[in-house]
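>>> coordinates only, sequence not included:
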């Protein structure tokens, strides 16, 4: 690592290098499949979707009588067979998501039956008035017009940190979803939705804030990763900053993650050890138009001294071996969703991957039908040699 001016985390400099699977990693294998139906709603919850139009959208009409269980944009492995999954801002932007309540769901996928069960969850709220700007609701339940939460980690004390795209902000919540402190901004980085712009020009594109959030294996640091390039940076370069939980501030260190194409985006990032992370990179296609959905192992030590972290392709999500025909699919499995935004490390060779189904708008699996929330497990062709703390 070097100083803040030079610290960089990036991908390989050219697609030609990145496309060549390095020694030790070949085709990954699908080992588990389960799905939650798209039209799953929170029982007894409020109506939602009044601002998206009547549709139909992929055969689904709006508004909805209840809150949909959708948009999984972050995941926490609870190590008991269940997972916390984070719903994002709702329907895609501030203007149409004021009646979508931000929520963490507890789910239990069963790859034997292929089903995902929703066990409950909790809404996010700010009853203690930690947010200094106006919120949508007088009861201070947080909505998709307030924040666009896209990433989540749970730390040692059981509280949650989440990455938001509208600020972008880091948000700290209790184990039951109560905001514990004011949103934490990143100096010099402001999206168009940032409430503190005051007429200034944003430095980040809309919905291009903290798409990924890594909990460091040391338990002390977080590493939020932007989805978009900050103004003045090389197009396709994404900032991966270091935040000190003990001091409650950014350290000034950062890395740069270089996308393989400026039209790509990242979906999630998780730690493997002190220097290495797994990152999902994807294009914007779905179904037959999906061409690039990959998981990379990136190394912040930058062994080739190009100012970018080194990158190794470990799984092509459009080309997974499926020898058992899991999910009723053929011997090659594709995960062809527009937004793939959830990674969890299950063991030294297995990752869980989930999609954000953008309900009711995305239809990557079956044209004309809204996507389910799918949960898959993928076995890599070689071990990661992960720090055991990354598996906790």
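Okay, I see it. All figures in this text were calculated on a predicted structure; none of them were measured in a lab. Numbering: from 1, shown residues only.

>>> thought residue 210 was touching residue 151?
Yes: using CB atoms under 8 Å as the test, residue 210 is close enough to residue 151 to be in contact (5.9 Å). Any C-beta I mention is one placed from the backbone N, CA and C, and that applies to glycine too.

>>> what is in contact with the two at once?
Residues touching both residue 210 and residue 151 (CB atoms under 8 Å, 6 or more residues apart in numbering): 163, 224.

>>> for this protein, where's the lowest mean pLDDT among helices and strands?
Lowest mean confidence among the helices and strands of the chain (mean pLDDT, DSSP states H and E): helix 15-18, at a mean of 35.

>>> Run through the strands of the stretch 101-250 of the chain in chain order.
Using DSSP state E, counting those that start in this stretch, the strands of the stretch 101-250 of the chain run over residues 103-110, 115-123, 149-154, 160-164, 169-173, 184-185, 210-215, 221-226, 237-244, 249-258.

>>> who wins for proximity to residue 320 among the ones you listed?
Of all those, it is strand 103-110 that lies closest to residue 320, at 17.0 Å by CB to CB.

>>> Please point out which parts of the closest one sit buried.
For strand 103-110, a neighbour-count test (16 or more other CB atoms under 10 Å) marks 103-109 as buried.

>>> residue ranges with poor pLDDT in the protein?
1-24 (pLDDT under 70).

>>> For stretch 351-368, buried residues please.
For stretch 351-368, by 16+ other CB under 10 Å, it's 351-365.

>>> Give me the neighbour count for residue 249.
By other CB atoms under 10 Å, 11 other residues sit near residue 249.

>>> does the nearest residue to it once chain neighbours are set aside have beta-bridge partners, and which?
Nearest-residue entry for residue 249: residue 243, 7.3 Å, with adjacent residues in sequence omitted and distances by CB to CB, 6 or more residues apart in numbering. Using DSSP bridges, the bridge partners assigned to residue 243 are residue 222, residue 250.

>>> Contact partners for residue 243?
170, 184, 221-224, 249-251.

>>> if I look at it, how far off is residue 220?
10 Å (CB to CB, to the nearest Å).

>>> on that earlier part again, and the strands of the stretch 101-250 of the chain: which comes nearest residue 39?
Taking the strands of the stretch 101-250 of the chain one by one with CB to CB, strand 115-123 is closest: 12.6 Å.

>>> My read is that residue 257 contacts residue 264, right?
No: Residue 257 lies out of contact with residue 264 (CB under 8 Å); the separation is 10.7 Å.

>>> The two: which is more packed in?
When residue 257 and residue 264 are compared for neighbours, residue 257 comes out ahead with 27 against 19, by other CB under 10 Å.

>>> What residues does the spatially closest residue to that one that is not a sequence neighbour make contact with?
Among residues not flanking residue 257 along the chain, residue 238 sits closest, at 4.3 Å (CB to CB, 6+ apart). The contact partners of residue 238, by CB under 8 Å, 6+ apart, come to 225-229, 256-259, 266.

>>> Taking the buried residues of stretch 351-368, tell me the two that lie furthest apart.
351 and 360 (27.7 Å).

>>> Same list, the buried residues of strand 103-110, but as a markdown table with distance to residue 94 please.
Formatted as a markdown table, those follow (distance: CB to CB, whole Å):
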| residue | distance to residue 94 |
| --- | --- |
| 103 | 17 |
| 104 | 20 |
| 105 | 22 |
| 106 | 27 |
| 107 | 27 |
| 108 | 32 |
| 109 | 31 |
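
>>> which one among these gets closest to residue 26?
Using CB to CB, the buried residues of strand 103-110 come closest to residue 26 at residue 109, 26.1 Å.
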